[in-house]
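Peer 1: this one's structure only:
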């Protein structure tokens, strides 16, 4: 059984000792800020006492044939990112989190994932960084792939400790650290509607709005008018949302959905495909208006249904930005990850995702947005601020380069963009372009409008 020590602050402050796999498994949601589902999580350890460092999360690839390449890239990603920020890690802890499909028991899941765990251990060893512990967490139990002692790590697994009863839970509560539920729950708040009637109504509204807005977005003289109309409508919807009483997440989301009509949502969604409009909307990032804006962006992301799924990149990126700006880093990473899943080439999401993972202070971006006000687009200045801040911290400058998708066509791996706490991610280029309307979709044209190199959709 392995011991691991976690420091919650400077050396002079009280330290927490995690004794064995049980407490290590219990600490995972506090490290991530949520309970990861269907995820591989890798955490770097530094020093003789095993201080937690950078962490990385990725969805477990469904195809076993992908496990080897993914393991190599994840190990390289965590080690190289840690070297830039905190120094080379002395060890790594691995978590494989996946429940059984029918809830019948996690042992079969643990055995099925054993080759992936072994491949991850081998990949870390090839970089001369040992794996201190590798745990599988499934159906409320955990197994160790490293501990051979059946007295502490039996074949049938061990039950997870009761939430809130460990030293890590007490320290987290004292520090004000909150676990936001499962990753699946957090993603569900941002994913498109599935109810057939609602999906049909929203898709028809988007189809109607496209032919009216796209020609105006392509007209340099009319584009400014569309931007002003979009921002006025978005502000009206925010005011409408702000008037409602706070409620639990599920009730709040359902209430917000009822407050916004399909045509209103369609107009704002399409208007946000213009980069300058989106950047001006990003200025709603502080105080009471930040929460109203976040609720609006979540609502609009849920309205990007059917063939309009890629349009969600803009509201999801805004949701990620507001979350990061207001101190919710786990929520920001989830939103930005979904934005990149909707459009892997969405540069603004790539840059924000990397800056968030680098642990940069969002104040540099906030300052640029404040200074820009209602004038010119702040996007370029904001990115420069992030680059300057990264340089001050000793990180390499942010670069825009083409990245590769994962074999599953969705999540990105290795050096594309980093998962929470993974360190760096390399944004992909995106030519400035907005989306096409339904007319273009029906005629078989590419779902983009605007010219390459224009100022839209980046």
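Peer 2: Nice, thanks for sending it over. No experiment lies behind these values; they were computed from the predicted model shown.

Peer 1: so residue 94 is in which element?
Peer 2: In this structure, residue 94 sits in strand 91-97 according to DSSP states H and E.

Peer 1: now for that strand, which elements pack on it?
Peer 2: Strand 91-97 sits against helix 20-32, strand 39-46, helix 107-126, strand 131-138, with contacts defined as 3 or more CB pairs under 8 Å, 6 or more residues apart in numbering; DSSP states H and E. C-beta: built from backbone N, CA, C; applies to glycine.

Peer 1: Neighbouring strands of it in the sheet, and parallel or not?
Peer 2: Next to strand 91-97 in the sheet, as set by DSSP bridges, lie strand 39-46 (antiparallel), strand 131-138 (parallel).

Peer 1: how big is the angle separating that strand from helix 107-126?
Peer 2: With axes from the mean of the first three to the mean of the last three CA atoms, to 10 degrees defining the directions, strand 91-97 sits at 160 degrees from helix 107-126.

Peer 1: how big is the angle separating strand 91-97 from helix 20-32?
Peer 2: Counting by the same axes, to 10 degrees, strand 91-97 lies at 80 degrees to helix 20-32.

Peer 1: Residues touching strand 91-97, excluding its own?
Peer 2: Applying CB atoms under 8 Å, 6 or more residues apart in numbering, the contact partners of strand 91-97 are 4, 24-25, 28, 35-45, 50, 60, 75, 78, 113, 116-117, 120-121, 124, 129-138, 145.

Peer 1: among the residues you listed, which ones are buried?
Peer 2: Among the contacts of strand 91-97, those classed as buried by 16 or more other CB atoms under 10 Å are 4, 24-25, 28, 35-37, 39-45, 50, 60, 75, 78, 113, 116-117, 120-121, 124, 129, 131-138, 145.

Peer 1: tell me the phi and psi of residue 154?
Peer 2: Here is the backbone geometry of residue 154 (degrees, to the nearest 10): phi -70, psi 160.

Peer 1: Tell me how many other residues surround the closest residue to residue 343 other than its chain neighbours.
Peer 2: Distances taken as CB to CB, 6 or more residues apart in numbering place residue 313 nearest to residue 343, at 3.8 Å, with adjacent residues excluded. Neighbour count of residue 313, defined by other CB atoms under 10 Å: 29.

Peer 1: Also the one 5 residues further on?
Peer 2: A count of neighbours around residue 318, defined by other CB under 10 Å, yields 30.

Peer 1: Please report the distance of it from residue 366.
Peer 2: As judged by CB to CB, to the nearest Å, residue 318 and residue 366 stand 14 Å apart.

Peer 1: Check residue 78 too.
Peer 2: Using CB to CB, residue 78 is found at 29 Å from residue 366.

Peer 1: so what's residue 349 up against?
Peer 2: 313, 316-317, 320, 336, 339-340, 343.

Peer 1: Give me the secondary structure label for it.
Peer 2: helix (DSSP: H, G, I helix; E, B strand; the rest coil).

Peer 1: ok, residue 333 touching residue 352?
Peer 2: No - applying CB atoms under 8 Å, one finds residue 333 not in contact with residue 352, separated by 9.7 Å.

Peer 1: if we can go back for a sec, for the contacts of residue 349, work out which two are farthest apart.
Peer 2: 320 and 343 (13.0 Å; CB to CB).

Peer 1: more crowded one of these two?
Peer 2: Taking neighbours as other CB under 10 Å, residue 320 and residue 343 compare with residue 320 leading, 30 against 22.

Peer 1: Can you spell out which helices and strands pack onto the one helix or strand the more buried one maps to?
Peer 2: Element membership of residue 320, judged by DSSP H and E, is helix 313-325. For helix 313-325, the packing partners by 3+ CB pairs under 8 Å, 6+ apart come out as helix 275-281, helix 287-302, helix 329-342, helix 347-357, helix 363-372.

Peer 1: report the angle between the axes of that helix and helix 347-357?
Peer 2: Using the same axes, to 10 degrees: helix 313-325 against helix 347-357 is 20 degrees.

Peer 1: State the mean pLDDT of helix 313-325.
Peer 2: Mean pLDDT, computed over helix 313-325, is 95.

Peer 1: cool, and stretch 202-211?
Peer 2: 95.

Peer 1: Leaving out sequence neighbours, find the closest residue to residue 246.
Peer 2: The nearest residue in space to residue 246 (CB to CB, 6+ apart) is residue 252, at 7.1 Å.

Peer 1: ok, now which ones touch the one you found?
Peer 2: Shown in contact with residue 252 (CB under 8 Å, 6+ apart): 244, 246, 295.

Peer 1: quick one: which helix or strand includes it?
Peer 2: Assigned by DSSP H and E, residue 252 falls in helix 249-259.

Peer 1: Show me what the helix or strand just after that helix is packed against.
Peer 2: Next helix or strand after helix 249-259 toward the C-terminus (DSSP H and E): helix 262-271. Judged by 3+ CB pairs under 8 Å, 6+ apart, helix 262-271 is in contact with helix 196-218, helix 220-242, helix 287-302.

Peer 1: Dump the ones you listed to JSON lines, plus distance to residue 258 and mean neighbour count.
Peer 2: Below are the helices and strands packed on helix 262-271 laid out as JSON lines (distance: least, CB to CB, whole Å; neighbours: other CB atoms under 10 Å):
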{"stretch": "helix 196-218", "distance to residue 258": "11", "mean neighbour count": "17"}
{"stretch": "helix 220-242", "distance to residue 258": "11", "mean neighbour count": "16"}
{"stretch": "helix 287-302", "distance to residue 258": "10", "mean neighbour count": "22"}
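
Peer 1: got JSON lines for those, with distance to residue 326 too?
Peer 2: Formatted as JSON lines, the helices and strands packed on helix 262-271 follow (distance: least, CB to CB, whole Å):
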{"stretch": "helix 196-218", "distance to residue 326": "28"}
{"stretch": "helix 220-242", "distance to residue 326": "15"}
{"stretch": "helix 287-302", "distance to residue 326": "5"}
